[in-house]
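Colleague: What follows is a predicted protein model with its sequence.
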There are 2 protein chains.
Amino acid sequence: MALPVETFFLRPDAQGTLQQQIQQMIAQGILSGRFQRGEKLPSTRKLAAHLGVSRITVTIAYTELLANDYLTSAGRSGYFVSDNAPAPPAFAPRAEADDAIDWTRAIGQRFSANGLAAKPQDWASYRYPFIYGQADPTLFDHANWRLCALQALGQRDFTSMTTDYYDQDDPQLIEFIARHILPRRGVSARPEQILITLGAQNALWLTAQVLLTQRRRAVLEDPCYPALSGILSQSRCHITPVRVDQDGLPPEAIPPDTDVIFTTPSHQCPTNATMPMDRRRALLSRARELEALIVEDDYEFEMSFLKPASPALKSLDDEGRVIYVGSFSKSLFPGLRLGYLVGSEPFIREARALRASVLRHPPGHIQRTAAYFLSLGHYDALIRRMGLALHERRRVMEEALETHGLRVSGRGAYGGSSFWMRAPESVDTAQLAENLRARDVLIEPGHAFFAGEEKATNYYRLAYSSIPAARIGEGVGLIAQEIDRLR
Amino acid sequence: MALPVETFFLRPDAQGTLQQQIQQMIAQGILSGRFQRGEKLPSTRKLAAHLGVSRITVTIAYTELLANDYLTSAGRSGYFVSDNAPAPPAFAPRAEADDAIDWTRAIGQRFSANGLAAKPQDWASYRYPFIYGQADPTLFDHANWRLCALQALGQRDFTSMTTDYYDQDDPQLIEFIARHILPRRGVSARPEQILITLGAQNALWLTAQVLLTQRRRAVLEDPCYPALSGILSQSRCHITPVRVDQDGLPPEAIPPDTDVIFTTPSHQCPTNATMPMDRRRALLSRARELEALIVEDDYEFEMSFLKPASPALKSLDDEGRVIYVGSFSKSLFPGLRLGYLVGSEPFIREARALRASVLRHPPGHIQRTAAYFLSLGHYDALIRRMGLALHERRRVMEEALETHGLRVSGRGAYGGSSFWMRAPESVDTAQLAENLRARDVLIEPGHAFFAGEEKATNYYRLAYSSIPAARIGEGVGLIAQEIDRLR
């Protein structure tokens, strides 16, 4: 590859002769790793013209660099970075000590403490990945996704791909969600009541920012989706974790001064509990009594392969009290970063304005691709296929857990893609996960899910969305062995 | 299109007999626009099984709906929504009055007041769109973008597209930015010092959130990028607008208690001024003296077709004092939503954690597509082609502005894609823009760019990035006419 001449600058504050400056610039480019072995340098004529210096100056600089084996010359074909050139150091060329800023003081707000749980990026290279929330290449309809993306890349869709929508969304995607996705959850909404987000994460974040302040109180389920605590602490509100039971969030435990209740009624995360109809009504009336709002995270409703999912909590709401969060991360794939918010217009208006300020809008091409995939019926076919595969994997899981005597704490009546597991009290599942990783098994320790003071250390989550059925038995066997060793 | 049976729910709180409930559900689906004329209903057998009712109940409900002309029956081929079915009302079926929430109280923070300036979504249908920041389909390399997107959609790139990166980015895109984009601006950075963002808007927002608090002071240029004021007011910091002159931001006007300085040195937005080298050094030393940080928005540096762009301010910074914001919105297209931040590691770490909490990461497929487009050299070719076209359009603009005696306030020495224009004092350019819109001409009134108390009303921006050269003369003529009429 030829190095473009535009990448060569003389530093305005450089020392020494022009020839030395050029020499230095090139050597530093190589040392810093910017110019790599085998790459071609501009001709002396071209570089001289670009820098506004005489050609002989550049020629001498190049000759010096040849002598030092930074460069090689291949006759008439020019100068190249030498294969023997000094390798860029493994550490940074400009050491951190050069940084003159006191970042402890300069940084006004810290966010890194609320980091997401570190998950291995290379999960697919593990033999037994009981990992949650990544797309299984054997289940995903890659061919049709590609066709839809191609269609959305066509000349006719140029505007939908390239345009700055400012604060708007792709009307085709909005319409499909309104007409075909939400009705499946018993929810009806007009386009002005829907906002496309960068996944459920972004939907929850926008909601927290709009509804919460330092003076307000949010209730979250304990245990819960781990990133939710981080999102809520950014809004600086008071946070009350409420312990869930086998039916999910108990309404009577919600304290009187609550403003917003975050809940996963159809499929509690991570315990998989489904809130019964009576409790849903009680939750709505508790919220009404407190003049509180409810944020319903309806994740994974598509994965109801055991029996049809019950309608969303939002479908019981005729007051505008429930804000609904949906996502395509589980049913399509998480790298897509598409989700949506459904709520009353005054709320959606503020969430839309905040989204515009933070990022304007999710990329147009992605919205249009999803709209095609949904409207051509591939989405439904995919969900059916995933349901069949997950159903089979779940059967194998149940069998293996039974065989090895592992205790399931929450299994979910409708399906889903994971079990919430309970190890003996004496087993620290963080340690368990670490030991298992060395044996090619990935599990999720439960500690990170607990939002309250009391964090149980003996829970873990076993997902079966990314592991082939044939490996489940062996993998569960290894988990059982390791638990035995640790107890 | 057949309506999927899953979209049919009986409301748990519905009144009346089962048959009435079914009838109501379907009628309301049609009335609300969820079921549309000509769409096929599930067979009576299928719907009965889905709802768990007897088939005769569904048959009677369908018959009732036939009688009322909600449905038609096409013999053996089934039931369809009738062409004569009542049309959904133009207003919402569930009136706003049903919303029992006091949203004035429920919304904790309002963002809609800081809304982006409303720009017409249908700009491309105007004959003379002197509009800024949208992609011109005649200049964009659509064919190669499509090829790169296809490559990134391939089976080999499945992981990069579908994976949840958590807080990470596509390493290929990061590497290309580090090795090939930043060196053109004289900037060298390691991967840990780079963060991909959803456009420059997102980069500026993340930066403001990390660096600013209620107790800190930000300086912004006046006039400036309009969305910046909204971004800064979200951080609740003190804001001091500093009036720019023909050389951009004057360092001596920066007040002593400033913490962060937002600037566009290479190409002031919107005046197009380029800050001379002496003033850049003075700005850096003023910032050092105040222990302030500088945020450099290096937008549009690629559009330097008149002479090579000077290196970025960041290239003079050896202290880590400058945070650099880059974007692909102007050089590729704004709907892509890709930009980047470059800064010291402690800063990037916090921005990365905040981004993870807000939205996790920009979609993987888009990052990979951009990485291919850049690394295959299409990006450079595109920029050259855009530069040639913009150069020609600019020549035509200069001529037309001269001919019609319109006054240019800032033209930019390196190129760019717009002129900052000054109308006679008595002309309100908001009114001018409105009048011109009726004559098929789009311009941007300048009012929104002013951040201080004193908002001049006689400036406007004329961009030539989306208007064909052949229409420029006529368009400028219309602007001149309208100004004459208003003065």
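Modeller: Nice, I can see it.
Colleague: how does chain A divide into domains?
Modeller: As given by automatic domain parsing, the domain ranges for chain A are A:5-81, A:122-135+A:381-486, A:142-378.
Colleague: which residue sits closest to A:Pro311 in space, ignoring its chain neighbours?
Modeller: In space, not counting the residues next to it along the chain, A:Pro311 is nearest to A:Gly186; the distance is 3.2 Å by C-beta to C-beta, 6 or more residues apart in numbering or on different chains. The way it works is simple: take the backbone N, C-alpha and C, and place the C-beta from them, glycine included.
Colleague: ugh, wrong one, A:His404
Modeller: With C-beta to C-beta, 6+ apart as the measure, A:Ala480 is the residue that lies nearest to A:His404, at 3.7 Å, once sequence neighbours are left out.
Colleague: got a list of what the one you found touches?
Modeller: The contact partners of A:Ala480, by C-beta atoms under 8 Å, 6 or more residues apart in numbering or on different chains, come to A:404-406.
Colleague: As CSV, those residues with neighbour count and secondary structure would be great.
Modeller: CSV is the format used below for these (neighbours: other C-beta atoms under 10 Å in any protein chain shown; DSSP: H, G, I helix; E, B strand; the rest coil):
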residue, neighbour count, secondary structure
A:His404, 16, coil
A:Gly405, 9, coil
A:Leu406, 20, coil
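Colleague: What is the nearest of the residues you listed to A:Arg355?
Modeller: Within the contacts of A:Ala480, the smallest distance to A:Arg355 is 42.8 Å, found for A:Leu406 (C-beta to C-beta).
Colleague: if we can go back for a sec, what's the closest of the contacts of A:Ala480 to chain B?
Modeller: The nearest member of the contacts of A:Ala480 to chain B, counting by C-beta to the nearest C-beta, is A:Leu406 at 26.4 Å.
Colleague: residue contacts, the closest one?
Modeller: Taking C-beta under 8 Å, 6+ apart, one finds A:421, A:476, A:479-480, A:483 in contact with A:Leu406.
Colleague: cool, A:Pro12 as well?
Modeller: For A:Pro12, the contact set (C-beta under 8 Å, 6+ apart) comprises B:277, B:311, B:316.
Colleague: and the residues you listed, which of them are in helices?
Modeller: With helices identified by DSSP state H, the entries of those that belong to them are B:Met277.
Colleague: What parts of the stretch 351-487 of chain A come near chain B?
Modeller: Taking C-beta under 8 Å from any C-beta of the partner chain as the criterion, the neighbours of chain B within the stretch 351-487 of chain A are A:352-354, A:356-366, A:380.
Colleague: Among those, which pair sits farthest apart?
Modeller: A:Ser357 and A:Asp380 (35.6 Å).
Colleague: neighbour-wise, which of the two wins?
Modeller: More neighbours sit around A:Ser357 than around the other of A:Ser357 and A:Asp380, counting by other C-beta atoms under 10 Å in any protein chain shown; the figures are 24 against 16.
Colleague: low-confidence ranges in the stretch 1-150 of chain A?
Modeller: Scanning the stretch 1-150 of chain A for pLDDT under 70 picks out A:13-16, A:86-97, A:114-118.
Colleague: and the gap between the residue nearest the centre of chain A and A:Gly133?
Modeller: Compute the mean C-alpha point of chain A, and by C-alpha atoms, centre = their mean the closest residue is A:Pro334, 6.2 Å away. A:Pro334 sits 6 Å away from A:Gly133, going by C-beta to C-beta, to the nearest Å.
Colleague: who touches both of the two?
Modeller: Here A:Pro334 and A:Gly133 share the contacting residues B:Asp164, scored by C-beta under 8 Å, 6+ apart.
Colleague: gap between the two ends of stretch A:113-127?
Modeller: Length of stretch A:113-127, first residue to last, C-alpha to C-alpha, to the nearest Å: 31 Å.
Colleague: Backbone dihedrals for A:Trp420, please?
Modeller: Dihedral angles of A:Trp420 (phi, psi; degrees, to the nearest 10) stand at phi -100, psi 120.
Colleague: for A:Ile294, that is, sorry about that
Modeller: phi -120, psi 130.
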